[in-house]
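Enquirer: Build me a model:
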Amino acid sequence: MLITCMFLKLHITIQRGMSFPLLEKCMTCCFPGLYHCPFCTPAYFKPAKRSKVMLHLEFHLKRACHVGDYTIHKCGLDCAKRPHYHCLYCIALLGSKHDFNQHVDFCQEMQKNKDGPQDEASLTIRAKNLADRQKAMSSYFM
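Expert: Have a look, this model is predicted:
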């Protein structure tokens, strides 16, 4: 259930279903006829012919995480120093698929418990564990 993100603009790497954003020819910085990967800077993936970009996007799909109706592709944009995943429930950026999946499980649980009765002690412990993991990850990106 995506209560929070329905009102927020989702990051480009968070796509509904198995879709990709529309690819458009670059008319500003590249030789005409080349395309950019919508999920990477040119430093990670150089602009190329449409067929090569589509092949590259298939690799994104293989490394993607699936949460409900959404596919979260690994982001190679300038949001952080290294490739990462964007949480669709909060502003967290996670470097590994494993860390991302653990984080999303926690965020989903927090969404479910937002309106219901909460066990204060267990939420405090889980929030501290999440904060500790995110602090460790922030040093990875900074």
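
Enquirer: Bridge partners for Gly76, pull those for me.
Expert: According to DSSP bridges, the partner residues bridging Gly76 are Cys40.

Enquirer: Just the C-alphas of stretch 53-70, formatted as CSV.
Expert: Only the C-alpha atoms of stretch 53-70 are listed here, as CSV (Å, rounded to 0.1, in the frame of the first residue of the first chain):
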residue,chain,number,x,y,z
VAL,A,53,20.1,1.9,-24.4
MET,A,54,17.2,-0.6,-24.5
LEU,A,55,19.7,-3.4,-23.8
HIS,A,56,21.2,-1.4,-21.0
LEU,A,57,17.7,-0.9,-19.5
GLU,A,58,17.2,-4.6,-19.5
PHE,A,59,20.2,-4.9,-17.2
HIS,A,60,18.6,-2.2,-15.0
LEU,A,61,15.5,-4.4,-14.9
LYS,A,62,17.5,-7.5,-13.9
ARG,A,63,19.0,-5.6,-10.9
ALA,A,64,15.8,-3.8,-10.0
CYS,A,65,13.8,-4.4,-6.8
HIS,A,66,10.0,-5.0,-6.9
VAL,A,67,7.7,-3.5,-4.3
GLY,A,68,4.0,-4.1,-4.9
ASP,A,69,3.2,-2.6,-8.3
TYR,A,70,6.4,-0.7,-8.5
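
Enquirer: Any chance you could list what contacts that stretch?
Expert: Under the criterion CB atoms under 8 Å, 6 or more residues apart in numbering, residues 1-2, 10, 14-18, 20, 23, 35-37, 39-40, 45, 47-48, 71-74, 85, 88, 97, 100-101, 104, 108 lie in contact with stretch 53-70. C-betas here are computed from N, CA, C, even on glycine.

Enquirer: Quick one: distance of stretch 31-45 to the chain centre.
Expert: Averaged C-alpha coordinates place stretch 31-45 at 18 Å from its chain's average position (CA atoms, centre = their mean, to the nearest Å).

Enquirer: Give the buried residues for that stretch.
Expert: Of the residues in stretch 31-45, Leu34, Tyr35, His36, Cys37, Pro38, Phe39, Cys40, Phe45 count as buried by neighbour count, 16 or more other CB atoms under 10 Å.
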